[in-house]
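**Q** Mind folding the following:
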Amino acid sequence: MARSERLLTLLQVLRRHRRPVSGAVLAQETGVSIRTLYRDIASLQAQGADIAGEPGLGYVLRPGFMLPPLMFSQGELEALILGFRWVQKFADAPVTKAASDALAKISTVLPADLRDELENTALLVGPRKVVDSEVVDLALIRAAMRRERKLRLAYADGAGNLSERVIWPIALGYFEDTRMLVAWCETRDDYRHFRTDRMQEIALLDTRYPRRRHQLLEGWREMENGPRRSERGQTCADDPATAISQP
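**A** Model prediction:
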C-alpha cells in the first residue's frame, strides 16, 4: 500500500472513533506496526491534521478536519481522472473548462506520488463524436434546472417542423454523439426529450414549475423503467431520433 493511501486509511479509521483510541488498536485496524503507526500520526500532524493524544493515552481526530492532499485513494483518483477526461472531451465548453479547472485544483494539493499518477494514468477516453452545433446557451438550461424555472423553447424536430412550447427542464444528458434535454412539456402534458442541436431558441421564464425537480426526475425514471410508451403506440420524444433511456 502506498504511503499516501496508508495515511488516508488512518484518517478514515480515526474518523470512526469519537473517543481516544489506543495506538495498538489503530495499528491493528490499519495493518501496520506500532512504530509505523506512530510515524504516520506524526506525519499527519505535521501536515496539519488536528490529532490530539500521545502514546499510552490514545488518539482522537477533532471534528471538522479535512486534509485536502489525502482526500482520495488511488482507485478513487483513477475514477475521477477518467470522469474528468470524459467531461473534457464530450461536454460543452463551459463545463469542459470547469472540469479542467477542477482537475488543476486537485493536482495542486495532491502529494507527489499521486500527482504523478494523475499525470501519467493509462485510463483514456475514446474519440469525440459530438459536434458543438448548438445555437442556444446550455448554461442557461443548467441554470433553469438549478432554479426550477420554466423555459420557453422553439424547437425543430427531425423533419424540420418548428414548434414552440413551455417546458420544465429536469435533466441534461451528454452522449458521445448528441446532447439531450429531459423535460416536462406543457403542450404534450408529458415528459419529452429534446436534442439540444435542434433547439432554435430558449428563454428563461420567471415562473417556477409547480413540482420539485427531483420529483419530476423520479417520475421520469419510473416511466423509463416501466413499459415503453412506444409499445403502447406513443413515444416519449417528439421524433424517434430523440429517444433516450436513463442509465
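**Q** Spatially central residue in the protein, please.
**A** Gly83 (8.3 Å; Cα atoms, centre = their mean).
**Q** what about it, distance to Pro111?
**A** From Gly83 over to Pro111 the distance is 21 Å, taken as Cβ to Cβ, to the nearest Å. In short, each C-beta sits where N, CA and C put it, glycine included.
**Q** cool, Ala24 as well?
**A** Per Cβ to Cβ, Ala24 is found 27 Å from Pro111.
**Q** who has more neighbours, these two?
**A** Pro111 (15 against 12; other Cβ atoms under 10 Å).
**Q** quick one: the helices in this structure?
**A** Ranges of helices within the chain are 3-16, 23-30, 34-46, 74-90, 93-109, 112-120, 138-147, 213-225, based on DSSP state H.
**Q** lowest-confidence stretch among those?
**A** Least confidently modelled of the helices of the chain is helix 112-120, at a mean of 74 by mean pLDDT.
**Q** Who are the packing partners of it?
**A** helix 3-16, helix 74-90, helix 93-109 (3 or more Cβ pairs under 8 Å, 6 or more residues apart in numbering; DSSP states H and E).
**Q** so the longest strand anywhere in the chain versus helix 213-225, what angle?
**A** Counting by DSSP state E, the longest strand found in the chain is strand 162-174. Going by axes from the mean of the first three to the mean of the last three Cα atoms, to 10 degrees, strand 162-174 is angled at 90 degrees with respect to helix 213-225.
**Q** buried ones in strand 162-174?
**A** 165-172, 174 (16 or more other Cβ atoms under 10 Å).
**Q** Present these as JSON lines; the columns should include distance to Ile34 and pLDDT.
**A** Below are the buried residues of strand 162-174 laid out as JSON lines (distance: Cβ to Cβ, whole Å; pLDDT from 0 to 100):
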{"residue": "Arg165", "distance to Ile34": "69", "pLDDT": "96"}
{"residue": "Val166", "distance to Ile34": "67", "pLDDT": "97"}
{"residue": "Ile167", "distance to Ile34": "63", "pLDDT": "97"}
{"residue": "Trp168", "distance to Ile34": "60", "pLDDT": "97"}
{"residue": "Pro169", "distance to Ile34": "57", "pLDDT": "96"}
{"residue": "Ile170", "distance to Ile34": "54", "pLDDT": "95"}
{"residue": "Ala171", "distance to Ile34": "52", "pLDDT": "94"}
{"residue": "Leu172", "distance to Ile34": "52", "pLDDT": "92"}
{"residue": "Tyr174", "distance to Ile34": "50", "pLDDT": "87"}
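**Q** Could you identify the most distant pair in those?
**A** Val166 and Tyr174 (24.1 Å; Cβ to Cβ).
**Q** Can you give the domain ranges for this protein?
**A** The chain breaks down into these domains under automatic domain parsing: 3-69, 74-120, 138-242.
**Q** Mind listing the residues bridging to Ala154?
**A** Using DSSP bridges, the beta-bridge partners of Ala154 come out as Glu164, Glu201.
**Q** And it, how far from Arg15?
**A** 52 Å.
**Q** Compare these two (neighbour count), which wins?
**A** Taking other Cβ under 10 Å, Ala154 and Arg15 do not tie; Ala154 has more neighbours (15 against 11).
**Q** ok, that one touching Met199?
**A** Yes - assessed by Cβ atoms under 8 Å, Ala154 is found in contact with Met199 at 7.2 Å.
**Q** Quick one: residues contacting the residue of the chain positioned farthest from its centre.
**A** For the chain, the largest distance from the centre (Cα atoms, centre = their mean) belongs to Gly56, which lies 43.2 Å off. Neighbour list for Gly56: empty [criterion: Cβ atoms under 8 Å, 6 or more residues apart in numbering].
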